[in-house]
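Undergrad: using only what follows, build the 3D model:
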Amino acid sequence: MKTEQEKLQCHFAKQREYQARAIARQRAKQADPEWRAEQYEKQRERQIKSAERAKNKPIKCRGLKGRTPTATERRMMDKIGSLPCIACYVHGVTNENATIHHINGRTADGAHAYVLSLCDCHHQHAAPAAVRAVYPWLVPVHADGTCGGKAEFETLNGTQEHLYALCLEMIS
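TA: Numbering: from 1, shown residues only. Now for the predicted structure:
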């Protein structure tokens with residue numbers, strides 16, 4: 001009767017033989033020119049199918065992001081972005097914490113050329129009611145619930161085109 005160690009040695013020897021035979025079969029197959037030509041053709045077919053699928057695949061929409069600004073537009077945006085909030089400035093308040101607002105949205109042609117520097121309360125988020133009671137002109141251009149919106153913003157702060165002209169005066 002074989003001991004446990006002899007059984008293990010026999011098992012490992014069989015595994016090594018099996019692996020050696022498998023490697024020999026693999027090398028023989030890979031050395032066969034017909035098999036290699038067949039594999040090359042399969043790979044070419046997969047590449048062609050992949051290229052056809054990519055060609056027929058619709059271009060992914062960028063959604064609300066719009067295109068990337070050009071270098072000239074980026075410089076203009078940087079200059080206007082360094083200004084204080086233009087809507088606060090019109091009312092005699094200097095608010096340095098401002099972000100860029102695209103007047104015509106980010107997806108329209110030339111959209112990155114027409115931007116304003118607006119604080120958060122003039123851009124997107126309405127100021128608390130207590131603050132708006134003191135500063136009634138502090139409404140966002142993008143409506144926040146029932147507060148703000150383009151019409152109300154322009155009534156209280158001037159048109160966006162007028163504010164843009166002020167921005168251009170300030171950067172020149």
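
Undergrad: how confident was the prediction at Phe12?
TA: pLDDT for Phe12: 90.

Undergrad: would it count as being in a helix?
TA: Yes. The assignment for Phe12 is a helix, going by DSSP: H, G, I helix; E, B strand; the rest coil.

Undergrad: how near is it to Lys2?
TA: 14 Å (C-beta to C-beta, to the nearest Å). (Each C-beta comes from the backbone N, C-alpha and C, glycine too.)

Undergrad: how about Arg16?
TA: From Arg16 to Lys2 the distance is 18 Å (C-beta to C-beta).

Undergrad: returning to what we had before: what sits in contact with each of Phe12 and Lys2?
TA: By C-beta atoms under 8 Å, 6 or more residues apart in numbering, Phe12 and Lys2 have no common neighbours.

Undergrad: tell me where the chain has strands.
TA: Here the chain has its strands, by DSSP state E, at 98-102, 115-119.

Undergrad: what helices and strands are in contact with the first one?
TA: Taking 3 or more C-beta pairs under 8 Å, 6 or more residues apart in numbering; DSSP states H and E as contact, the helices and strands that strand 98-102 lies on are helix 71-81, strand 115-119, helix 120-123.

Undergrad: many thanks, I have nothing further to ask.
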